[in-house]
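Student: need a structure here:
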Amino acid sequence: MPAIESSNRFKLLRNVIIGVVVLIVLIAFWPFRTVPTGSRGVLTQFGAIRKIEPEGLVVVPPWQNLALFSIRAEEAQIDEADGSTSDTQPVKVSLTVRYSIQTDRVSEVYEKYSHNGDLSSYVQTATQEVFKAVTARYSAPDLIAKRSQVSSDINLALKEKLNMYGAQVINIDMRNFSFSDTYMHAINEKVTQEQLRLAAENKVRTVEAEQRAKVVTAQADADALKAQADGEAYATVTAANAQAEALRAQSDALAKSKDVLELRRIEVEKIKAEKWNGELPQHIYANAPIPFLQMDGNK
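Tutor: Okay, the predicted model is just below:
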């Protein structure tokens, strides 16, 4: 009995050891791996790249190794990149560059630059170089006035630069754009003077407009008075002419109607004579007409 128990214990211990060894081997050489979303799997064999695996389940033989390589958008911070304008004014800017690895160049980037897709150090260096090159093409005033164009130039130049490293630019945020304190003070002074000049010009234009309005008003009043006077004079002349014309017409009518008047007078005297009762007036005034007498021969 003791021998049988000892033999059973030995077998149990052996089985446990074998199980543990198998488990360790399975864990160490488990062939099934997963490539997460936003990554690529770089499959290498003895250090050499054999294949780039897409997202999903990957079977990795024990003699090969799988490295995860990110193709997600990465971010590089460039604080106070410095440059100089074409008129030798120092300028600084802080930038945030967002980029990602081109999916068809993962193998090249893994082999030459990064084993995980992080190219921030390359991006920072390239951005510094590009900023210096772009700002050197602009004068300080143009760098301020054409900031959107400067940003576009930096973007284009950086895209070309990062393409060398297998990366693509997503976008660039440019902030804290500044010149030296002396130059900024000079700019502020110039802006202040320009604002004062514009204010003075506006005041002059306002005064000139008011004066022109007064002149126009005075001229209108003068024209109105002149028109009124001309109208009154014209009315007076017209009335005088009309009156003279009326008098002249009346005089002509009277001159042409003497015979008619004489005939009318005779007719009136005839009517008076016909109505006379034969009695003479008791009082005869000077120049008073004497009624016509018809003497009957029988009396």
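Student: pLDDT below threshold where in the stretch 151-299 of the chain?
Tutor: Where the stretch 151-299 of the chain drops to pLDDT under 70, the residues are 184, 187-188, 191, 237, 246, 249-264, 273-299.
Student: Can you list the residue ranges for strands in the chain?
Tutor: Assigned by DSSP state E, the strands in the chain fall at 32-35, 39-45, 48-53, 56-59, 65-70, 74-84, 90-101, 167-179.
Student: With distance to Val109 and mean neighbour count as added columns, please give those strands in JSON lines.
Tutor: Placement of C-beta: from N, CA and C, glycine included. As requested, the strands of the chain are exported to JSON lines (distance: least, C-beta to C-beta, whole Å; neighbours: other C-beta atoms under 10 Å):
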{"stretch": "strand 32-35", "distance to Val109": "16", "mean neighbour count": "14"}
{"stretch": "strand 39-45", "distance to Val109": "10", "mean neighbour count": "19"}
{"stretch": "strand 48-53", "distance to Val109": "11", "mean neighbour count": "14"}
{"stretch": "strand 56-59", "distance to Val109": "19", "mean neighbour count": "12"}
{"stretch": "strand 65-70", "distance to Val109": "8", "mean neighbour count": "17"}
{"stretch": "strand 74-84", "distance to Val109": "12", "mean neighbour count": "16"}
{"stretch": "strand 90-101", "distance to Val109": "5", "mean neighbour count": "20"}
{"stretch": "strand 167-179", "distance to Val109": "8", "mean neighbour count": "16"}
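Student: Switch those over to a markdown table; also include distance to Asp223.
Tutor: Formatted as a markdown table, those follow (distance: least, C-beta to C-beta, whole Å):
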| stretch | distance to Asp223 |
| --- | --- |
| strand 32-35 | 93 |
| strand 39-45 | 88 |
| strand 48-53 | 92 |
| strand 56-59 | 93 |
| strand 65-70 | 85 |
| strand 74-84 | 66 |
| strand 90-101 | 63 |
| strand 167-179 | 60 |
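Student: looking at these, which is closest to Ser121?
Tutor: Among those, the nearest to Ser121 by C-beta to C-beta is strand 74-84 (8.2 Å).
Student: State the mean pLDDT of the closest one.
Tutor: In this model, strand 74-84 has an average pLDDT of 88.
Student: Run through who's touching that strand.
Tutor: Residues from elsewhere that reach strand 74-84 (C-beta atoms under 8 Å, 6 or more residues apart in numbering): 90-100, 117-120, 123-124, 127-128, 131-132, 134-136, 176.
Student: Show me how far that strand is from its chain's centre.
Tutor: With C-alpha atoms, centre = their mean, to the nearest Å as the basis, strand 74-84 stands 31 Å off its chain's centre.
Student: Could I have the CA atoms of that strand written out in CSV?
Tutor: What follows is strand 74-84 as a C-alpha-only set of coordinates in CSV (Å, rounded to 0.1, in the frame of the first residue of the first chain):
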residue,chain,number,x,y,z
GLU,A,74,-0.9,62.4,-33.4
GLU,A,75,-0.1,65.9,-32.1
ALA,A,76,3.2,67.8,-31.9
GLN,A,77,3.6,71.0,-29.9
ILE,A,78,6.1,73.6,-31.1
ASP,A,79,6.5,76.3,-28.5
GLU,A,80,7.9,79.7,-29.5
ALA,A,81,9.3,78.8,-32.9
ASP,A,82,11.5,81.7,-33.9
GLY,A,83,12.2,83.3,-37.3
SER,A,84,13.1,86.5,-38.9
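Student: begin at 446 from here
Tutor: Got it, the first residue is 446 from now on, which makes the last one we talked about strand 519-529.
Student: That one vs strand 612-624, what angle?
Tutor: 40 degrees (axes from the mean of the first three to the mean of the last three C-alpha atoms, to 10 degrees).
Student: hmm, back to that, select, out of the strands of the chain, the one closest to Leu601.
Tutor: strand 612-624 (9.2 Å).
Student: Tell me the helices and strands packed up against that closest one.
Tutor: Counting contacts by 3 or more C-beta pairs under 8 Å, 6 or more residues apart in numbering; DSSP states H and E, strand 612-624 is packed against strand 535-546, helix 592-608.
Student: Looking at these, which is nearest to Asn686?
Tutor: Comparing those by C-beta to C-beta, helix 592-608 comes nearest, at 79.2 Å.
Student: Centroid-nearest residue for the chain?
Tutor: The structure's the chain has its C-alpha centroid closest to Ser593; by C-alpha atoms, centre = their mean the separation is 15.1 Å.
Student: beta partners for Glu519?
Tutor: Beta-bridge pairing for Glu519 (DSSP bridges): Tyr544.
Student: oh, I was asking about Leu511
Tutor: Counting by DSSP bridges, Leu511 is bridged to Leu488.
Student: how much space between it and Thr662?
Tutor: For Leu511, the distance to Thr662 (C-beta to C-beta, to the nearest Å) stands at 92 Å.
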